[in-house]
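> No sequence on hand, only this structure:
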């Protein structure tokens, strides 16, 4: 027996091709996801250098950021968006990588498509030119975002030059209260460690509250690792993981699947493995969370009031809070539940999966979106949309007054026409509340799908636990 | 990638925490399929008003800083997205060195791929350089990568850390992909072993 190892240590060690004197490693990349925004310059770089894609079969591409969520029969209206998607079409055809074009049923947000197709597997290294690649850590895959130069590097060599991260353990023990979800866990964690708390680390999430989450919930938690500064999040694979993967189109089948499961069972961290930092949360202490500022760390329980510069001592933080409040149009001391909302967005790679839509529909059922609010539901993929429609969720949303849209990233980052107008305030299930993120001058409050519906039907931020569920 | 050896230029102060990639280059400018031309949209929402006019107070709009080559800023610079458009826009503007107490990981990495040197320093050193930078065009700073030294306008010298491999690549303007392809035998060997031990990974 060697030294006890973490899940991260094991995946890392099994992918190192060589190590230089300063600790820089060349690591192998098993799976590569591509979307239209961060890839055109990478393909162009390959072409200019006369290089080929080394393993087209290990790359899966799908357009998601620019696609319209309304009728697509006429294609994309905005010229620059259309060119970017057309460029991906062309690059995918030229190189032979897996590709789901805009009108394919399997099209969707890249981080929802990967797991759906069984492309995401435990123990693999997985990258994408997108910081929310951390999502796939829910399967026990070492998955992280990279820049376009690295996208080109992976296309050309199926490897990356990297240094190992440090290990952080975030343990959440206990049972969640009803109405509290994976999104509330991840927001509470970011509130605790701060938006740079995970810089330089891979976060492994553990504890009974994490194990109790569905695969969808685990993906929500890992998705927002980057909002806590960590490039990757990880959750040990277990029976739920194996069951989720079984039978998916690109997952191993039959004997290969059985062989894979045997290997996957060896991945969880060993007893006594070393972590450089350990953070513990009690699930009982977590109530629905909502952000009030312009960084994901600007988060509070829904029962709280908007904080102010006087609540902190650090001069830089005082300034940052003052700037946030000015941008958000909020006054310190205002109860969060009194903050009125103009728009509601349910979707994104954080909360655009079927379980999220079910949780939202439970609250929406039999209620009406407040007359002052415009609310939309954007399924994370064509398959999520199809499943939701089979369950009648679309009808619940439409009857309640939500718009029911086509799949894509949509108003999470507003690269398509779905965006906030200056000053509009949005309750959003997405992952970033940065200035201008959902549209110039737009104001974002991050929260769970159930909380987003509660805000939609009351017209203001609301503790969903106060609404009677029928 | 252009080599980076020494850099002398005006340092612009941007004393803000958690400057995110949406601030550095908002998403509407990510629709390009080119790497070039993004400098005019660097910090777009802080730099221009709703009508596209320059906001005079913003540091890079001030005469002293229009040709800044160095940016001095707050902790966790570059947090958020993996968009390499962030370093592309900085580079296109003319910024080749960023000094801060800390950086977000992906952004930090992306800088080196584009010949931009991100330097993490203790807060008190950043504070000193920030006050130097606030002196404007009279305050030129020299960054020497070989010696790992920053020389301020008053001649004061600050040492900084950089990983040996990254330094080597920056000094020589090396193409990462070219270097990796020299290790083709090792990659081939790894793939053969992987195909045998974890056959389910092949697609």
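Thanks, I have it. Bear in mind the structure is a predicted one, so any value in this text is a computation, not a measurement. Residues are numbered from 1 along each chain as shown, chains lettered A, B, ... in the order given.

> make it CA atoms for all contacts and neighbour counts henceforth
Noted.

> where exactly do the helices run in chain B?
Defined through DSSP state H, the helices belonging to chain B, from first to last, are B:21-24, B:44-47, B:85-93, B:105-112, B:123-133, B:164-172, B:176-181, B:184-197.

> Among these, single out whichever gets nearest to residue B:58.
helix B:44-47 (5.8 Å; Cα to Cα).

> Can you pull the residues of the stretch 1-150 of chain A lying near chain B?
Of all the residues in the stretch 1-150 of chain A, those in contact range of chain B (Cα under 8 Å from any Cα of the partner chain) are A:17-18, A:22, A:24, A:26, A:28, A:30, A:37-38, A:40-41, A:57-58, A:80-81, A:84, A:129-132, A:145-149.

> Mind giving me the ChimeraX select for these, buried ones only?
Here is the ChimeraX command that picks out the buried ones among those, judged by 16 or more other Cα atoms under 10 Å in any protein chain shown:
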select /A:17,18,24,26,28,30,37,38,40,41,58,80,81,84,129,130,131,132,145,146,147,148,149
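
> Now go through the residues of the stretch 1-150 of chain A next to chain B and say which are in strands.
Taking DSSP state E as the definition of strands, the residues of the stretch 1-150 of chain A next to chain B contribute A:17-18, A:26, A:28, A:145.

> Could you list the low-pLDDT ranges of the stretch 1-150 of chain A?
Along the stretch 1-150 of chain A, the model assigns pLDDT under 70 to residues A:1.

> what do you get if the cut-off is 80, keeping everything else the same?
Judged against pLDDT under 80, the low-scoring parts of the stretch 1-150 of chain A cover residues A:1-2.

> Okay, helices next: where are they in it?
If DSSP state H, counting those that start in this stretch is used as the criterion, the helices of the stretch 1-150 of chain A fall at A:7-13, A:40-49, A:79-95, A:110-117, A:148-157.

> and the gap between residue A:42 and residue A:408?
Distance check for residue A:42 against residue A:408: by Cα to Cα, to the nearest Å, it reads 22 Å.

> Among these two, which residue is more densely surrounded?
A side-by-side neighbour count of residue A:42 and residue A:408, using other Cα atoms under 10 Å in any protein chain shown, places residue A:408 first with 30 against 24.

> Can you tell me the SS state at that one?
On the three-state scheme (DSSP: H, G, I helix; E, B strand; the rest coil), residue A:408 is labelled coil.

> can you pull the contacts of it?
Taking Cα atoms under 8 Å, 6 or more residues apart in numbering or on different chains as the contact definition, residue A:408 lies against A:64-69, A:108-109, A:348, A:378-381.

> which residues of the stretch 201-350 of chain A fall in helices?
Secondary structure of the stretch 201-350 of chain A by DSSP H, counting those that start in this stretch: the helices cover A:208-211, A:215-223, A:239-245, A:254-264, A:315-328, A:348-351.

> can I get the ones you listed in a markdown table with mean neighbour count and mean pLDDT?
Below are those laid out as a markdown table (neighbours: other Cα atoms under 10 Å in any protein chain shown; pLDDT from 0 to 100):
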| stretch | mean neighbour count | mean pLDDT |
| --- | --- | --- |
| helix A:208-211 | 20 | 98 |
| helix A:215-223 | 27 | 98 |
| helix A:239-245 | 16 | 98 |
| helix A:254-264 | 15 | 98 |
| helix A:315-328 | 17 | 96 |
| helix A:348-351 | 29 | 98 |
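
> do you know which of those helices lies nearest chain B?
When the helices of the stretch 201-350 of chain A are ranked by proximity to chain B, the top entry is helix A:254-264, at 5.6 Å, counting by Cα to the nearest Cα.

> any idea how far that closest one is from the chain center?
Helix A:254-264 sits 28 Å away from the centroid of its parent chain (Cα atoms, centre = their mean, to the nearest Å).

> Over to stretch A:44-56?
Centroid separation for stretch A:44-56 versus its chain: 29 Å, with Cα atoms, centre = their mean.

> Kindly report the same for stretch A:90-108.
The mean C-alpha position of stretch A:90-108 is separated from the chain mean by 21 Å, Cα atoms, centre = their mean.

> pretty sure residue A:158 contacts residue A:17?
No: with contact defined as Cα atoms under 8 Å, residue A:158 and residue A:17 do not form a contacting pair (11.3 Å).

> what touches both of these two?
Common neighbours of residue A:158 and residue A:17, counting by Cα under 8 Å, 6+ apart, are residue A:28.

> in the top strand by length along chain B, what counts as buried?
Selection of the longest strand in chain B by residue count, based on DSSP E, yields strand B:6-14. When neighbours are counted by 16+ other Cα under 10 Å, the buried residues of strand B:6-14 are found to be B:7-14.

> from the middle of its chain, how far away would it be?
12 Å.

> what's the model's confidence in that strand, averaged?
Per-residue pLDDT over strand B:6-14 has a mean of 97.

> Listing partners with orientation, what would you give for it?
For strand B:6-14, the paired strands and their directions (DSSP bridges) read strand B:70-73 (parallel), strand B:140-144 (antiparallel).

> Dump the helices of the stretch 201-350 of chain A to CSV, plus distance to residue B:146.
Converted to CSV, the helices of the stretch 201-350 of chain A look like this (distance: least, Cα to Cα, whole Å):
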stretch, distance to residue B:146
helix A:208-211, 47
helix A:215-223, 39
helix A:239-245, 49
helix A:254-264, 45
helix A:315-328, 32
helix A:348-351, 43
